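**Student:** structure of the sequence below:
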Amino acid sequence: MRATIDETRAATPAEWDRHWSSCASATYFQSRDWAEIWAAYQPGELQPAACLVRFGDGLEAVLPLSRQPVLGGLASRWWCAPMTTYGGWLCADPLGPEHVEALCALVRERLGCVTWRMNPFAAPPPELAAGWSHESDETLAVALGRGYDEVQRGCAHGHRRAARKAVREGVVVRPAAAHDDWVAYVAAYEDSRRRWGAAEGHGAALFDEFERRAGDRCVLWVAEAGGEVLGGLLCLYAPRHVACWHAAVFEQALAKHPMPLVFLTAIEDACARGLEWFDFNPSKGLGGVEEFKRRF
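**Tutor:** Coordinates of the predicted model:
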């Protein structure tokens, strides 16, 4: 049985938020906040353009799209989530295979040039396998249902030992509480970029956007010792999922081993929130970064 689509139109902010907050597989990257952050950071380059789809049986879904004007605005490139992060529809009610087929056809036939990074926490629609160019990737994630004590016991001994050493060194981990915490984190990021030899990166204005949205859904976990910020981890929260999107540490602070403690503190908080997944996010092929994550 085929599903019919009765209506497609621009989703209102309230509709986008409602379907995101009610969708079991939603990630922060499908939220209105994420799209608006990048639209503000790159004005004129990306525009939030979520689409509401209403089926003939009354079910609804939201495609959390962003539009990139090309050729002077004469054409469009579409992103299922900005910055090639997890995309895919949002729905308060579960959709059947026939609805998924109709949505895939809508994306394929109406959008033209579209980039869609599949959400690994949702079942991948097989309809996309044929006729689309694609590549494989992986993310590393910790299932949190066992509770923090069991999760911690599952970490590599080296990470747990480093976290204990950080505590002995006087390292404390807490959410960023003031603008100076964010300024110090950006400085740690610049120091990390120098160490990595990365010519390109994100400007301070991007972290200003995150700071403006800081709260339950956006937390910068900072490590400090002796009143000095050593580094931190930017975590982005959805109803059942948290993504570690960005991390940085001053080179001079590495001897104190703050980062294993930062990650374990964020994992403990995620367990306390009742979340299902702590997602380390893809590692862009960086072997050392991936191994650090895998040891959790």
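
**Student:** what mean pLDDT does the longest helix belonging to the chain get?
**Tutor:** Determined from DSSP state H, the single longest helix within the chain is helix 179-196. In this model, helix 179-196 carries a mean pLDDT of 94.

**Student:** keeping just the C-alphas, turn that helix into PDB.
**Tutor:** Taking Å, rounded to 0.1, in the frame of the first residue of the first chain, the C-alpha atoms of helix 179-196 are listed here in PDB:
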ATOM      1  CA  HIS A 179      31.500  34.600  29.200                       C
ATOM      2  CA  ASP A 180      35.100  34.300  30.300                       C
ATOM      3  CA  ASP A 181      34.700  30.400  30.200                       C
ATOM      4  CA  TRP A 182      33.800  30.600  26.600                       C
ATOM      5  CA  VAL A 183      36.600  33.000  25.800                       C
ATOM      6  CA  ALA A 184      39.100  30.700  27.400                       C
ATOM      7  CA  TYR A 185      37.700  27.700  25.500                       C
ATOM      8  CA  VAL A 186      38.100  29.500  22.200                       C
ATOM      9  CA  ALA A 187      41.700  30.200  23.200                       C
ATOM     10  CA  ALA A 188      42.200  26.500  23.900                       C
ATOM     11  CA  TYR A 189      40.700  25.700  20.500                       C
ATOM     12  CA  GLU A 190      43.200  28.100  18.800                       C
ATOM     13  CA  ASP A 191      46.000  26.500  20.700                       C
ATOM     14  CA  SER A 192      44.800  23.100  19.600                       C
ATOM     15  CA  ARG A 193      44.600  24.200  16.000                       C
ATOM     16  CA  ARG A 194      48.200  25.400  16.200                       C
ATOM     17  CA  ARG A 195      49.200  22.000  17.600                       C
ATOM     18  CA  TRP A 196      47.200  20.100  14.900                       C
END
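
**Student:** from the contact counts, what lies against it?
**Tutor:** The contact analysis (3 or more CB pairs under 8 Å, 6 or more residues apart in numbering; DSSP states H and E) places helix 179-196 against helix 204-212, strand 218-225, strand 228-237, strand 241-249. C-beta: built from backbone N, CA, C; applies to glycine.

**Student:** 6 Å instead, please
**Tutor:** helix 204-212, strand 228-237, strand 241-249 (3 or more CB pairs under 6 Å, 6 or more residues apart in numbering; DSSP states H and E).

**Student:** ok, Ala270 - contacts?
**Tutor:** Taking CB atoms under 6 Å, 6 or more residues apart in numbering as the contact definition, Ala270 lies against Leu144, Val242, Phe278.

**Student:** and those residues as JSON lines, adding pLDDT?
**Tutor:** Listed next are the contacts of Ala270 as JSON lines, based on pLDDT from 0 to 100:
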{"residue": "Leu144", "pLDDT": "97"}
{"residue": "Val242", "pLDDT": "98"}
{"residue": "Phe278", "pLDDT": "98"}
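
**Student:** of all the helices and strands packed on helix 179-196, which one comes closest to Thr115?
**Tutor:** Ranking the helices and strands packed on helix 179-196 by proximity to Thr115 (CB to CB) places strand 241-249 first, at 18.1 Å.

**Student:** that closest one pairs with which strands, and in what direction?
**Tutor:** The sheet places strand 241-249 alongside strand 228-237 (antiparallel), strand 277-279 (parallel), with pairing taken from DSSP bridges.

**Student:** how far off centre is that strand?
**Tutor:** On the basis of CA atoms, centre = their mean, to the nearest Å, strand 241-249 sits 8 Å off its chain's mean C-alpha point.

**Student:** which other residues reach that strand?
**Tutor:** So strand 241-249 is in contact with 27-28, 188-189, 192, 231, 233-236, 259, 270, 275, 277-281, going by CB under 6 Å, 6+ apart.

**Student:** please apply the same query to stretch 176-193.
**Tutor:** With CB under 6 Å, 6+ apart as the test, stretch 176-193 has contacts from 201, 204, 207, 211, 220, 222, 229, 231-232, 248-251.

**Student:** quick check: phi and psi on the nearest residue to Thr115 once chain neighbours are set aside?
**Tutor:** Nearest non-adjacent residue to Thr115, counting by CB to CB, 6 or more residues apart in numbering: Trp79, 5.3 Å away. For Trp79, the backbone dihedrals (degrees, to the nearest 10) come out as phi -120, psi 130.

**Student:** same deal with Pro258?
**Tutor:** Dihedral angles for Pro258 - degrees, to the nearest 10 - are phi -70, psi -30.
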